[in-house]
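A.B. asks: Coordinates only, no sequence provided:
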């Protein structure tokens, strides 16, 4: 197969993507989500965000039960301050139209909380997808660079939303910003080919995200919560890009593992492993996951955004860590299912 893939940038980060999905464990809850970042009118056109999510219980006997599903369809004016021109969700929710016209950028998550307070309070799948829109919209800029569109260092569009020293990859003396200063354009890193995550022996391992077209991007998440004392936590996070040759490559890939007290929901241990990242500076941020140890999962989204900032952190790892707050709800769902199985 012929390929138009770029050669690896000499300053690229680790290229060891996650190669599989672990088997579902008896007595576990698996939350999976995906957001596709599409540009049906070309790389300079509007951004279409299509999200899907599912909660799946696995009983003591290994039987799979879907306990929740959700979807989000959003259209974003990518060069017009990320303005949200279309938004609909499944299930339909009364507060969703209040999000129209909002910028899917700074302040959007707070607006979601005001428009849909119950979704945030109960850590629903719809909230997970809406909360992920800003990160997905931002990382979708990779497709613009990969589509050979020149991104000026003086750009007043979406890339201007990033700033020096916001994270490890954007540090002032790092590869990305020094190359922008030297060449006037955004460097594009070429990641490794994306291993298949679906399991041949388990059709329930993932929800079906559908096909990804050329120049499209996809964010996939998995959170496994496994019953026990302590609870075991296994989090997976990946961003990919589909090239014009039909080859999907990885941009960000993290694995996060931990243990949580089932009574207090205190984080007893948490470790992040950077498996694929764009630049050599990025992996140093993984140590920040340890700062969550000793905290309860409640309120983690707000705490991570406030406390994990600067060049010792990673925007994308922070997104993975923020999702651990959902354990506050998922642990109750898992405990109720475990108790019901014990009574039967």
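C.D. replies: Structure's in. What do you need? Model, not experiment: these values are computed from the prediction. Residues are numbered from 1 along each chain as shown.
A.B. asks: starting at the chain centroid, how far to stretch 307-321?
C.D. replies: 12 Å (CA atoms, centre = their mean, to the nearest Å).
A.B. asks: okay, and for the stretch 51-200 of the chain, where does confidence drop off?
C.D. replies: The stretch 51-200 of the chain contains residues with pLDDT under 70 at 147-163.
A.B. asks: Which stretches in it count as helices?
C.D. replies: 108-115, 117-121, 125-139, 141-146, 175-183 (DSSP state H, counting those that start in this stretch).
A.B. asks: Which positions within the last one qualify as buried?
C.D. replies: The one in question is helix 175-183. Residues 175-177, 179-180 are the ones in helix 175-183 that count as buried (16 or more other CB atoms under 10 Å). Yep, even glycine has a C-beta here, placed from its N, CA and C like the rest.
A.B. asks: Spell out which two among those residues are the most distant pair, please.
C.D. replies: Maximum pairwise distance among the buried residues of helix 175-183 (CB to CB): 9.7 Å, between 175 and 180.
A.B. asks: Identify the contacts common to those two.
C.D. replies: residue 187 (CB atoms under 8 Å, 6 or more residues apart in numbering).
A.B. asks: thinking residue 142 is in contact with residue 241, fair?
C.D. replies: Yes - between residue 142 and residue 241 there is a contact at 5.8 Å, judged by CB atoms under 8 Å.
A.B. asks: orientation of the lengthiest helix in the chain relative to helix 125-139 in degrees?
C.D. replies: Longest helix of the chain, by residue count under DSSP state H: helix 327-343. Compare the direction of helix 327-343 with that of helix 125-139 by axes from the mean of the first three to the mean of the last three CA atoms, to 10 degrees and you get 140 degrees.
A.B. asks: Which elements pack onto helix 327-343?
C.D. replies: strand 28-38, strand 47-58, strand 217-226, strand 231-242 (3 or more CB pairs under 8 Å, 6 or more residues apart in numbering; DSSP states H and E).
A.B. asks: list the helices and strands the first one packs on?
C.D. replies: Counting by 3+ CB pairs under 8 Å, 6+ apart, the packing neighbours recorded for strand 28-38 are strand 47-58, helix 125-139, strand 217-226, helix 327-343.
A.B. asks: Any idea how far the last one is from the middle of the chain?
C.D. replies: Meaning helix 327-343. With CA atoms, centre = their mean as the basis, the mean position of helix 327-343 lies at 25 Å from the chain mean.
A.B. asks: begin at 45 from here
C.D. replies: With 45 as the first residue, the last one maps to helix 371-387.
A.B. asks: which residues touch residue 295?
C.D. replies: By CB under 8 Å, 6+ apart, the neighbours of residue 295 are 183, 186, 233, 235, 261, 283-285, 320, 322.
A.B. asks: Phi first, then psi, for it.
C.D. replies: phi -110, psi -50 (degrees, to the nearest 10).
A.B. asks: Please apply the same query to residue 362.
C.D. replies: Residue 362 adopts backbone torsions of phi -60, psi -40, taken as degrees, to the nearest 10.
A.B. asks: next one: residue 333
C.D. replies: Torsion angles, degrees, to the nearest 10, at residue 333: phi -60, psi -30.
A.B. asks: so it touches residue 300, yeah?
C.D. replies: Yes - contact between residue 333 and residue 300 holds when scored by CB under 8 Å: they sit 6.3 Å apart.
A.B. asks: Quick one: neighbours of residue 377, just the number.
C.D. replies: By the criterion of other CB atoms under 10 Å, residue 377 has 17 neighbours.
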